[in-house]
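Student: sequence first, then the predicted structure, then my questions.
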Amino acid sequence: MKSSGSGGKGKRIRRKCLIVDGYNILGRISETTLGDLKNLEEMRGRLIDMLAEYQSFAGETVILVFDAHQTSGPERDIVRSGVRVIFTSYQETADDRIERLVYELRDTTPEITVATSDYAEQQVIFGGGALRISAAGLLERLRDSKKRIRRTVAEQGEQSGSRISDRIGQDIAKILEKWRRQ
């Protein structure tokens, strides 16, 4: 899903959008500086997986922004596991890109939340009309979501019965029984 600039026809209204400052959250998860992280690619992948699960359950659009301003390449905008992932372009910080996203989306998305613990970024996003959640707050939200998913799956499992014969039709059960007796 590509975002469009402000104005124009055919914009899709999204109810809620969560924009995540990727390295800010990874720093909180690892409780270290990013330079100390051993396998950054693996950490990014785990964060994407966590956000994909949250997005599926919560029904929010999730955009994850990683700071790539010190690399010499163009912006990369990909979708992985349903999550839009942006690696900023050369000389653009994640803060800059997140600020732009807030302004691009605010006309089509009634509720935008930015996940960051960066104080300077918080001030800018408030000016753009977005809400803010700290890195710790986002991680708590992700944990709560995971607990609710487990509870829902467990409840559905109890309701559907634990025997396979409770979950398949009689015609299939008869075929399976016939095979078993052969």
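Tutor: That came through, no problem. Since the structure is predicted, the reported quantities are computational estimates derived from the model, not experimental observations.
Student: switch to C-alpha atoms for all contacts and neighbour counts from now on
Tutor: Fine.
Student: for the longest helix belonging to the chain, packing partners?
Tutor: In terms of residue count, the longest helix belonging to the chain (DSSP state H) is helix 135-160. Under the contact definition 3 or more C-alpha pairs under 8 Å, 6 or more residues apart in numbering; DSSP states H and E, helix 135-160 sits against helix 22-30, helix 40-58.
Student: give me the distance between that helix and the centre of its chain.
Tutor: 15 Å (C-alpha atoms, centre = their mean, to the nearest Å).
Student: quick check: buried residues in it?
Tutor: Residues of helix 135-160 classed as buried: 135, 138-139, 142, 145-146, 149 (neighbour count, 16 or more other C-alpha atoms under 10 Å).
Student: again with stretch 68-86
Tutor: Judged by neighbour count (16+ other C-alpha under 10 Å), stretch 68-86 contains these buried residues: 68-69, 75, 77, 81-86.
Student: one more: stretch 121-131?
Tutor: Buried, per 16+ other C-alpha under 10 Å, within stretch 121-131: 121-122, 124-125, 128, 130.
Student: so who does the residue sitting nearest the centre point of the chain touch?
Tutor: Geometric centre of the chain, nearest residue: residue 51, 2.9 Å, by C-alpha atoms, centre = their mean. By C-alpha atoms under 8 Å, 6 or more residues apart in numbering, residue 51 lies in contact with 62, 83, 142.
Student: report pLDDT for residue 159.
Tutor: Per-residue confidence (pLDDT) for residue 159: 64.
Student: count of residues packed around residue 15?
Tutor: By the criterion of other C-alpha atoms under 10 Å, residue 15 has 13 neighbours.
Student: can you pull the contacts of it?
Tutor: By C-alpha under 8 Å, 6+ apart, the contact set of residue 15 is 60, 109-111.
Student: nearest to residue 171 among those?
Tutor: Of all the contacts of residue 15, residue 171 sits closest to residue 60, with 40.7 Å by C-alpha to C-alpha.
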